[in-house]
Structures are given as C-alpha cells and as structure tokens.
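Q: got a predicted model here, sequence first, then my questions.
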Amino acid sequence: MLRFIFWVVVVSWSLALLRRLVQRMRQGAAQSHAPVEMPNDAITRKLVRDPVCGVHIAEMLALPLRQDGELLHFCSAACRDKYVSETRKIAANG
C-alpha cells in the first residue's frame, strides 16, 4: 500500500512540474514575439564623459561648454561651474 501511495505522489508531482514548465514555455514564447520599441535615434546616440565627475551621459542631454576651442560636455550645472572655477584658479596661479 505504501508503494502505491509513494508512486501516486511521485507521478502527481511530476505532472505538476511538467504543467508549470509548459506554462512558462508558453509565456516565454508569447513575450519573445512582442515588438521591442526603440527610439529612432537610438543608434546614433553618442555618450560623452563629464571631465569633473566622470559620468557618461548622452550628448543630447549634456550641458556643452566651449573653452579654448575645445567642446566639453557636463552632466550638470554644478559640474560645469566646478570645472570653470578650478580652471580660473589654475590660470590665476600659473
């Protein structure tokens, strides 16, 4: 009798696991065919590096500053102001 109960439990667990596996496969297949939306300019986006804090940011979101013929990009106004103030300190001491 115990062997019978043991096999009934094993078979029922196996069927439950198989059912879950099939459901996950169906959900994965449904999700993999969903269209992925990408912005039109996603391929042409360029990342630039902030010279103060080192953060990489999209060029179109960065704050530009042209100094001595060089174009620099900053992640925030605080980083830009810090760069400008440090540059003035170096120039005054030089």
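A: Here it is on my side, so go on.

Q: what mean pLDDT does stretch 78-94 have?
A: Averaged across stretch 78-94, pLDDT comes to 76.

Q: oh, that last question was meant for stretch 19-35, not what I typed.
A: On average, stretch 19-35 scores 76.

Q: now do stretch 60-70
A: pLDDT averaged over stretch 60-70 gives 89.

Q: span of it from start to end?
A: Stretch 60-70 has an end-to-end distance of 17 Å (criterion: C-alpha to C-alpha, to the nearest Å).

Q: in it, which residues are buried?
A: residue 62 (16 or more other C-beta atoms under 10 Å). From N, CA and C alone the C-beta is placed, and that goes for glycine too.

Q: and stretch 74-88, by the same measure?
A: 74, 75, 79, 80, 83.

Q: among those, which pair sits farthest apart?
A: 75 and 83 (11.1 Å; C-beta to C-beta).

Q: re the thing from before, tell me which of the buried residues of stretch 74-88 fall in helices.
A: 79, 80, 83 (DSSP state H).

Q: closest one of those residues to residue 64?
A: Distances from residue 64 to those, taken by C-beta to C-beta, are shortest for residue 80, at 9.1 Å.

Q: for the nearest residue to that closest one once chain neighbours are set aside, list each beta-bridge partner.
A: Nearest residue to residue 80, sequence neighbours excluded (C-beta to C-beta, 6 or more residues apart in numbering): residue 74, at 4.1 Å. When assigned by DSSP bridges, residue 74 has beta-bridge partners residue 63.

Q: and which of the buried residues of stretch 74-88 is nearest to residue 19?
A: Distances from residue 19 to those, taken by C-beta to C-beta, are shortest for residue 75, at 50.4 Å.

Q: and that closest one, what is it in contact with?
A: With contact taken as C-beta atoms under 8 Å, 6 or more residues apart in numbering, residue 75 is in contact with 50, 53, 55, 57, 62, 63.

Q: look up how far residue 67 lies from it.
A: Per C-beta to C-beta, to the nearest Å, residue 75 is found 17 Å from residue 67.
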